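**Student:** Okay, structure incoming, though there's no sequence with it:
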């Protein structure tokens, strides 16, 4: 059975919404790596301040599983659109307020406490963003192009990183006193424009044909979480394990930046440009990997990208340790912009295809956000285990490679879904007969 939806409109809405939402999320990561250790934890040693600043980045991931349970229920019970509008309002408001916070010198311990509270709100809202956008796009897409269309959700995420990093480039070039006094606040204040633009876009979204059929047939689960954990708990667990591949992203965007600037002493500007160019490459390559996945399957593309990241992280962090900018740019762009994009292109469809319509948003949200919570603390754990010295790159690379291999095991032991009809996704054999 083919889903006759509006895949292009859904993909564009998902792309723009994700770009706007993840602009908010990633400017926090950049600020945590560059300035938060100095303005919210100034009384700590440089190493401890960096560790605490990175921990506030990870704290946002703690709220993600909680938000996934709440927003997953809302999305499967009342529709995908309601979740997408809610998440945008919460993210825009909390991000703007981060830019209004007093520093430690102005308010003492209250300042980092408020920072953590707002970070928790950010994490809560993000938990429903990708699962909602992925569900919306997948359920509008033609059966033979589901990976291609859903890949635009992650394509938008990369675009959000480009915008966030690009805005921080002139900010990072400010004199130290201006950067720490007012400069770091500007990107957070701009989230007001992000929220308004996103709301206009999201309010024009139409509900998916698959969910509308559930409503018309009176088959919408009243308690989707109960159905999910009764019938699909194995798939939720598999998604949790596979989602630790997000550690590559957090190590690249947060830990590597902090390591380069605070430990090795490299310039902020060039390191931010690595992120910009890698994400530009990702915007180009993600749809191509999605198209390939629609032809040869989800598993080979996903697993191949994960294995490539396990190897290339060594090259990237080593190039930072020796301070070779040319190697840094080459390794960073190839790893994150090309190879890691294979995983980003596939997981939106692969995870969603594991679940039927009635619990799809819940299953994706809960599974990914628990896995992402683990990945969110990867920079903190890597720093704590490997240390902050110049030679710490090797230990961090080993930890990242291990997480990539865990992902590969989960992917290769999953069932292939790229040829399964949309109406039969996530169903048991007996249920497929009735469909």
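**Tutor:** Received the coordinates, thanks. Because the structure is a prediction, the values reported are computed rather than measured.
**Student:** Tally up the residues packed near residue 290, please.
**Tutor:** Per other C-beta atoms under 10 Å, the neighbour tally for residue 290 reads 28. The C-beta positions use only the backbone N, C-alpha and C, and glycine is treated the same way.
**Student:** And it, how far from residue 282?
**Tutor:** Using C-beta to C-beta, to the nearest Å, one gets 12 Å for the distance from residue 290 to residue 282.
**Student:** for the stretch 51-200 of the chain, which spans come out with low pLDDT?
**Tutor:** Scanning the stretch 51-200 of the chain for pLDDT under 70 picks out 51, 54, 57-58.
**Student:** where exactly do the helices run in it?
**Tutor:** 80-98, 104-107, 110-140, 146-172, 176-181, 186-189, 191-202 (DSSP state H, counting those that start in this stretch).
**Student:** Now do the longest one: which elements does it pack against?
**Tutor:** Right, the one you point to is helix 110-140. helix 7-34, helix 46-78, helix 80-98, helix 104-107, helix 146-172, helix 209-216, helix 340-352, helix 360-376 (3 or more C-beta pairs under 8 Å, 6 or more residues apart in numbering; DSSP states H and E).
**Student:** buried ones in stretch 115-134?
**Tutor:** Judged by neighbour count using 16 or more other C-beta atoms under 10 Å, the buried positions of stretch 115-134 are 115, 118-134.
**Student:** no no, stretch 280-299
**Tutor:** 280-283, 285-287, 289-290, 292-294, 297-299.
**Student:** now that stretch: mean pLDDT?
**Tutor:** For stretch 280-299, the mean pLDDT works out to 96.
**Student:** Same check on stretch 245-258?
**Tutor:** pLDDT averaged over stretch 245-258 gives 89.
**Student:** same check, this time on stretch 376-384
**Tutor:** pLDDT averaged over stretch 376-384 gives 81.
**Student:** Quick check: which of the helices of the stretch 51-200 of the chain is nearest to residue 358?
**Tutor:** For residue 358, the closest of the helices of the stretch 51-200 of the chain is helix 110-140, at 11.3 Å, according to C-beta to C-beta.
**Student:** what separates the closest one from the chain centre, distance-wise?
**Tutor:** On the basis of C-alpha atoms, centre = their mean, to the nearest Å, helix 110-140 sits 10 Å off its chain's mean C-alpha point.
**Student:** what angle do that helix and helix 191-202 make?
**Tutor:** Interaxial angle of helix 110-140 relative to helix 191-202 (axes from the mean of the first three to the mean of the last three C-alpha atoms, to 10 degrees): 20 degrees.
**Student:** Could you tell me the angle between helix 110-140 and helix 209-216?
**Tutor:** 90 degrees.
**Student:** buried residues in stretch 107-114?
**Tutor:** Those would be 111, 112, 114, for stretch 107-114 by 16+ other C-beta under 10 Å.
**Student:** ok, those vs residue 402, which is closest?
**Tutor:** Of all these, residue 402 sits closest to residue 112, with 31.2 Å by C-beta to C-beta.
**Student:** correct me, but that closest one touches residue 40?
**Tutor:** Yes: if you go by C-beta atoms under 8 Å, residue 112 and residue 40 touch, sitting 4.6 Å apart.
**Student:** Next, show the common contact partners of these two.
**Tutor:** 52, 56, 104 (C-beta atoms under 8 Å, 6 or more residues apart in numbering).
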